[in-house]
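Asks: just the structure for this:
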Amino acid sequence: MNFVYHNVPDPMVGTKLVPLNQMSDGMADVKEFNLKKYEGREEILERKVPLLNCSWNDVLQFTPVHPQKVFELQVEMGLIPKVHDAKFFEIPIESFDPDKTAVFFKTAPGEENVTVKWLKDVDFKKLTEIPEATINYYKSLVGTGELPFNYQFIPHILHLGSLDISKMKIITTS
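Replies: Modelled structure (predicted):
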């Protein structure tokens, strides 16, 4: 079975993952917390997502690369001291509506390096390894003291709308 991963929000409100644009007024604190990830990069929030015909704010984002691999590579390269304890939903890709799920590829800085394809049109197995562009990005940070964007240049699985996670397995990195 093939899986994608999404961090377990803290606090987790309800039993659904909800895109930023769908968060109700009652979730203002959660929305504000998640918006902090985009400080200094606010333009990303309005990025248009081809195929899905929406904004970045309208989709949920998942990684097809197991988070443990990402953090272990960062430790190996000296970017972080150890793999921190973190919780992630492990979600079977069959959980997604194929007409609402795309793969966002970005291979280098700049919107000209972006490609979006339907998930159903991609060989999923090829998405589960850390891309060379990500490895090179991590290498560029070695010795700078700058923390990496964990999933830079890793394909993102984008799902338009919310997702019920009430029955999803939770895994922990450490």
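Asks: the lowest-mean-pLDDT helix or strand in the chain packs against which elements?
Replies: Each helix and strand of the chain was given a mean pLDDT (mean pLDDT, DSSP states H and E); the minimum falls on helix 28-35 at a mean of 73. Helix 28-35 is packed against no helix or strand, with contacts defined by 3 or more Cβ pairs under 8 Å, 6 or more residues apart in numbering; DSSP states H and E. In short, each C-beta sits where N, CA and C put it, glycine included.
Asks: state the distance from the residue nearest to A86 when sequence neighbours are not counted to T63.
Replies: Closest residue in space to A86, ignoring its immediate chain neighbours: T173 at 4.8 Å, by Cβ to Cβ, 6 or more residues apart in numbering. Summarising the geometry, the distance separating T173 from T63, computed by Cβ to Cβ, to the nearest Å, is 12 Å.
Asks: when the two are compared, which one has more neighbours?
Replies: It is T63, of T173 and T63, that has more neighbours when counted by other Cβ atoms under 10 Å, with 22 against 18.
Asks: so how many other residues sit close to E90?
Replies: Burial of E90 is recorded as 15 neighbouring residues (other Cβ under 10 Å).
Asks: and for this structure, the residue most distant from the center?
Replies: Within the chain, G143 marks the point farthest from the mean C-alpha position, 25.4 Å out by Cα atoms, centre = their mean.
Asks: quick one: residues contacting it.
Replies: Applying Cβ atoms under 8 Å, 6 or more residues apart in numbering, we find G143 in contact with G78.
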